[in-house]
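Chemist: Sequence and predicted structure, then a few things I'm wondering about:
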Amino acid sequence: MDISKEELLLEEKKLEETVKEIDNQLNNAGTELFTEDKDLKAFQKMMWEQKREFDNAEWNEFIKENEFKINLLEDKARKFRRLQKVKGSPYFGSIIFNKESIYIGITGIRRDMDYLVYDWRAPISSLFYDYELGRAQYEAPGGIETGEITRKRQYKIENSRLIHVFDTNVNIDDDILQEVLAETSSEKMKNIVTTIQKEQNAIIRDDKTANIIVQGIAGSGKTSVALHRIAFLLYRLEYLTSGNVLIFAPNNVFAEYISEVLPDLGEDNTLQSTYHEFVSSFISEYYRVEPYSSFVERFYKGTRQDNDLITFKLSDKIIGAIETYAKYYTQAARFTADLVYHDTTIAMDEINTLLFERYNNKPLFERLDLIAEKINNSYFKGRKKDLISIRSQLLKIANFTTDYKKIYREFFETAIFKDYYPYMYRKNENLRGLSGKVMNYEDATIFVYLKFLLSGYPYQVAMREVIIDEAQDYTYLQYKILHKIFKNAHFTILGDVNQTVNPFYRYDKLDILLNIFTENSRYIELNKTYRSSPEIIAYANSILGLNHVSAIRKTANVPVIKRPLKDLQHIGKDIAYLKKKYKSVAVITKSIEEARLIGESLKKNYSKTSIIDINTTSFHKELVVAPAYGVKGLEFDSAIIVNNFSDDAYLYYVAVTRSQHELIVYE
């Protein structure tokens, strides 16, 4: 509802006042930064020029003071950049709560003790997202504040000018949301602070629950919710910094795609990794580890392989098998002779007593290290040069090895493996895969799990928050390992079981992860999609027989166009048609071979064609050609599907749900 001319004048005056205050703060901050930067450089110059005159204690104090000055300067620089970023659009909404006007923006703006604009993450700002007009409450630092919202207003501000203002409500079909949904997609993911919905806000602002597991359908905003949750927690928790947060992205393309959201929200980007990079860091025995996308590609290319064994290696059954094997390997370990080192002999029984009594609560190879250290301290005065030699001599008289490759290969020869494995074992094919320089994806997690059971977990205690996107791509064992390694961290896990592209592993529901994340955890489902048109969602639902998925985007009455696959040579006409209407077009195939074949032919007419494969880290969204598993998590204005998916319904569902406005299917 548009507002009166009198109210419009008041709003323009409010905006002018706010922008003027931002200008004042920018001028003051700029002057401070310039002066303090000069002072810091002068201080550092003095430190180095007079270094010889200071003793160690004085020098350490100077180092601490230097670090303090640098951190202070960086904080002020961050504030300066935030103000610069929001000057063009300092707020996007307001409410009147208990007769007080509350303006809400990406960052808070205060003049003396008064807030001109509240940060969207401030407790009082939750009223804007959670309530319609009428009675409302929020949790303030001093307790619950109750009252009445008598007005709710939204703004469109560009270049410090008021473009549009109207009174609204929390309804998900409101004008601002539909206007945002109608926009064409951008090269990078954008923040959604102006359109956060109530069910999304409940996840973003939940700082009481340690671990949150979200099952969200395609386009429900899972990734946006995760990133805004990080921004909220960084604002809310004093002990948390971006260096304490780790995001597991599905691939490097996706990591690049989300790279601007946190900076847009005034926060530094956090640490990012893929599971492949993370697990590879613990495997030095092989030249490299096969990436997940390459593993999936192997199946869809129809590569000759033992699919039964791969299924077993990725199954939950393997957990018990590996644990039983590690326990057996430890119990069978022995020192079979006395240790003779220099002129000293330590009896075999004494060493075995240390192995099975003194250090029996430690993993096997940690016991080995402790025994070497104990002998060195007891007999050789703890000399460092002797420690490595003693450990080496201990291994020579042991009936076990620390060669993890050998230990892992021998697992498949044991009765334990045969008891657990229900199919015919093709030994030569398996050993051929384990003998090369590249470790297959399906072996990597079991290999590191065995390693950790025998040598202990490499705990990473600095991480306080771990975000896992595309949760359905991780096996139960992978979650067990991550939960162990990041033992001090809280987890936010987001996925969609309907978007599983792993042909060997599938969840019925993600709530099974509550068996791992047992303390202060909850499971949530998001069943509204904000990405695709109702026509596209209806078509996507028909693929998997879904009926609980609802589209929020208003219909544009653009039906899904179906063409016979034999007419694929005319794909250029469809691309030309879509490019006239939209900024981004994706051609999505089942395999990378199809994508490369089509992509290379399109480059003749479209030079900015991007072909996404396992090595892609960035791309132009103008025209993308990719296999379905390569565009998970991404969205495009329009898409053309080359439907060779046959029985791969989940992969086909992923392909179809990438499109926002229009879909053409060759089937």
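Modeler: Received, thanks.

Chemist: Could you pull up phi and psi at residue 288?
Modeler: phi -160, psi 170 (degrees, to the nearest 10).

Chemist: what's the burial count for it?
Modeler: Counted with other CB atoms under 10 Å, residues neighbouring residue 288 total 11. Just so you know, the C-beta spots here come from the backbone N, C-alpha and C atoms, and that holds for glycine as well.

Chemist: List the residues that contact the closest residue in space to it that isn't next to it in sequence.
Modeler: Distances taken as CB to CB, 6 or more residues apart in numbering place residue 438 nearest to residue 288, at 5.6 Å, with adjacent residues excluded. Taking CB atoms under 8 Å, 6 or more residues apart in numbering as the criterion, residue 438 is in contact with 286, 287, 288, 289, 290.

Chemist: Write a ChimeraX command that selects only the buried members of those residues.
Modeler: Those of the contacts of residue 438 that count as buried under 16 or more other CB atoms under 10 Å are selected in ChimeraX with:
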select :286,289,290
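
Chemist: Let me have the contacts of residue 438 in CSV, adding distance to residue 600 and secondary structure as columns.
Modeler: As requested, the contacts of residue 438 are arranged in CSV below (distance: CB to CB, whole Å; DSSP: H, G, I helix; E, B strand; the rest coil):
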residue, distance to residue 600, secondary structure
286, 32, coil
287, 30, coil
288, 27, strand
289, 29, strand
290, 25, coil
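
Chemist: Of the contacts of residue 438, which pair is most distant in space?
Modeler: 287 and 290 (11.0 Å; CB to CB).

Chemist: Residues contacting stretch 603-612, please?
Modeler: 253, 572, 575, 595-596, 599-600, 602, 616, 619-627, 630-631.

Chemist: and those, which of them are in helices?
Modeler: Judged by DSSP state H, helices contain the following of the contacts of stretch 603-612: 253, 572, 575, 595, 596, 599, 600, 602.

Chemist: By neighbour count, sort out the buried ones in those.
Modeler: Buried residues within the ones in helices among the contacts of stretch 603-612, counting neighbours by 16+ other CB under 10 Å: 253, 575, 595, 596, 599, 602.

Chemist: how close does the first one sit to residue 312?
Modeler: With distances defined as CB to CB, to the nearest Å, the gap from residue 253 to residue 312 amounts to 31 Å.

Chemist: same check, this time on the fourth one
Modeler: In this structure, residue 596 and residue 312 are separated by 32 Å, where distance is defined by CB to CB.

Chemist: same question, the fifth one
Modeler: For residue 599, the distance to residue 312 under the criterion CB to CB works out to 36 Å.

Chemist: Check the last one too.
Modeler: Noted for residue 602: a distance of 41 Å to residue 312, by CB to CB.

Chemist: Look up the pLDDT of residue 383 for me, please.
Modeler: pLDDT recorded at residue 383 is 77.

Chemist: and what of the one 4 residues further on?
Modeler: With respect to pLDDT, residue 387 has a value of 90.

Chemist: That one in helix, strand or coil?
Modeler: Secondary structure state of residue 387, per DSSP: H, G, I helix; E, B strand; the rest coil, is helix.

Chemist: Now it. Nearest residue, chain neighbours left out?
Modeler: Nearest residue to residue 387, sequence neighbours excluded (CB to CB, 6+ apart): residue 376, at 5.0 Å.

Chemist: contacting residues around the one you found?
Modeler: 382, 383, 386, 387, 390.

Chemist: which residues touch the second one?
Modeler: Right, the one you point to is residue 383. Listed by CB under 8 Å, 6+ apart, the contact set of residue 383 reads residue 376.

Chemist: Give me the phi and psi for it.
Modeler: The phi/psi pair for residue 383 (degrees, to the nearest 10) reads phi -70, psi 130.

Chemist: again, but for the last one
Modeler: When read as degrees, to the nearest 10, the backbone of residue 390 gives phi -60, psi -40.

Chemist: Wait, it touches residue 341, no?
Modeler: Yes - here residue 390 lies in contact with residue 341, judged by CB atoms under 8 Å, at a distance of 5.9 Å.

Chemist: what sits in contact with each of the two?
Modeler: 375, 380.

Chemist: quick one: which of the two has more around it?
Modeler: The neighbour count for residue 390 versus residue 341, taken as other CB under 10 Å, is higher for residue 390 (21 against 17).

Chemist: Residue 378 versus that one, what's the distance?
Modeler: 11 Å.

Chemist: which residues sit against the helix or strand hosting residue 225?
Modeler: Take DSSP states H and E as the rule and residue 225 turns out to sit in helix 222-236. The contact list for helix 222-236, computed with CB under 8 Å, 6+ apart, reads 119, 121, 189, 191-193, 196, 200, 203-207, 214, 216, 240-242, 245, 247, 258, 261-262, 265-267, 270, 465, 467, 469, 492, 494-496, 526, 633.

Chemist: Now do the helices in the stretch 551-667 of the chain.
Modeler: Shown for the stretch 551-667 of the chain, the helices assigned by DSSP state H, counting those that start in this stretch span residues 571-581, 592-602, 649-656.

Chemist: quick one, phi psi at the residue nearest to residue 387?
Modeler: phi -60, psi -40.

Chemist: Now the element after the helix holding residue 225, going C-ward?
Modeler: If you walk from helix 222-236 toward the C-terminus, the next helix or strand you reach (DSSP H and E) is strand 245-248.

Chemist: Send over that next one as CSV, restricted to the C-alpha atoms.
Modeler: Only the C-alpha atoms of strand 245-248 are listed here, as CSV (Å, rounded to 0.1, in the frame of the first residue of the first chain):
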residue,chain,number,x,y,z
VAL,A,245,34.0,-20.8,10.9
LEU,A,246,34.5,-23.4,8.2
ILE,A,247,32.2,-23.9,5.2
PHE,A,248,32.2,-27.2,3.4
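
Chemist: Please name the strands paired to that strand in the sheet, noting orientation.
Modeler: strand 271-273 (parallel), strand 465-468 (parallel) (DSSP bridges).

Chemist: Next, the residues that contact it from outside, please.
Modeler: Strand 245-248 has contacts (CB under 8 Å, 6+ apart) with 226, 230, 233-234, 255, 258, 270-275, 278, 463-469, 486, 489.

Chemist: again, 6 Å this time
Modeler: Strand 245-248 is contacted from outside by 230, 270, 271, 272, 273, 275, 463, 465, 466, 467, 468, using CB atoms under 6 Å, 6 or more residues apart in numbering.

Chemist: chain center to that strand, what's the gap?
Modeler: 5 Å (CA atoms, centre = their mean, to the nearest Å).

Chemist: Looking at the contacts of residue 376, spot the one nearest residue 328.
Modeler: residue 390 (26.8 Å).

Chemist: The closest one: what's it in contact with?
Modeler: By CB under 6 Å, 6+ apart, the contact list for residue 390 reads 341, 372, 375, 376.

Chemist: Now do the phi/psi pair for the first one.
Modeler: Read it as residue 341. phi -140, psi 120.

Chemist: so how far is residue 359 from it?
Modeler: For residue 341, the distance to residue 359 - CB to CB - is 19 Å.

Chemist: Residue 579 now?
Modeler: Counting by CB to CB, the gap from residue 579 to residue 359 is 68 Å.

Chemist: same check, this time on residue 245
Modeler: Using CB to CB, one gets 36 Å for the distance from residue 245 to residue 359.

Chemist: More neighbours: the two, which one.
Modeler: residue 245 (24 against 18).
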